[in-house]
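J.: Sequence first, then the predicted structure, then my questions.
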Amino acid sequence: MSAMQPLRRRARRTRAEMNVVPYIDVMLVLLIIFMAVSPMIQTKVLNLPSVSASAAAQEPPLVVQMDAQGKLSSAGSEYANTADMIAAVQNSIANKSQAVVLAADKAMSYGDVMAVMDALKKARVERVGLLLSSTDADKP
């Protein structure tokens, strides 16, 4: 070799490898932290109310239906007005704690539905609610 010739160097190829050592270090540190902290976490005891046997065996609610024209019906009987419906509901519920649910058509105005619910409340029906149809439950 002559002194004037440049030395040939081999070109280094860069390798596309991922260095996972730092990730393993971080995971081990997190594991140690969780292992040290987890015994210190105190679980709280919740005092949940118990359900009596009579509450579990309640009667199913009485369903009062209200169609798009405002006609009221319950258990196959149609009523001429709200007063007739209230009298029939009071006769058909077993006790004052039985629920009465109102299944109103979508086309009914909110005020008309609330007027029927208010009339049931004034007639001393303790538990009055609205029934959501299964087709409405799927919609946002």
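T.: In hand now; what should we look at?
J.: which residues in the chain form helices?
T.: 21-37, 53-56, 82-92, 110-122, 134-137 (DSSP state H).
J.: what's in contact with the third one?
T.: The one in question is helix 82-92. 62, 64, 72, 74-75, 77, 79, 100, 115-116, 119-120, 123, 125 (C-beta atoms under 8 Å, 6 or more residues apart in numbering). The way it works is simple: take the backbone N, C-alpha and C, and place the C-beta from them, glycine included.
J.: least confident pick among those residues?
T.: In terms of pLDDT, Ala75 ranks lowest among the contacts of helix 82-92, with 80.
J.: Tally up the residues packed near that residue, please.
T.: For Ala75, the neighbour count with other C-beta atoms under 10 Å is 11.
J.: which ones are touching it?
T.: Contacts of Ala75 (C-beta under 8 Å, 6+ apart): Leu62, Val63, Ser92.
J.: Look up how far Pro39 lies from Ser74.
T.: 59 Å (C-beta to C-beta, to the nearest Å).
J.: Of the two, which one has the most company?
T.: Comparing Ser74 with Pro39 by other C-beta under 10 Å, the one with more neighbours is Ser74, at 19 against 7.
J.: what's the closest non-adjacent residue to the more buried one?
T.: Closest residue in space to Ser74, ignoring its immediate chain neighbours: Val64 at 4.7 Å, by C-beta to C-beta, 6 or more residues apart in numbering.
J.: same deal with Arg124?
T.: Lys96 (7.1 Å).
J.: confidence score at Asp67?
T.: Asp67 is given a pLDDT of 88.
J.: mind listing what it touches?
T.: Ser73, Asp105.
J.: For it, grab phi and psi.
T.: Phi and psi for Asp67, reported as degrees, to the nearest 10, are phi -80, psi -180.
J.: All set now, cheers.
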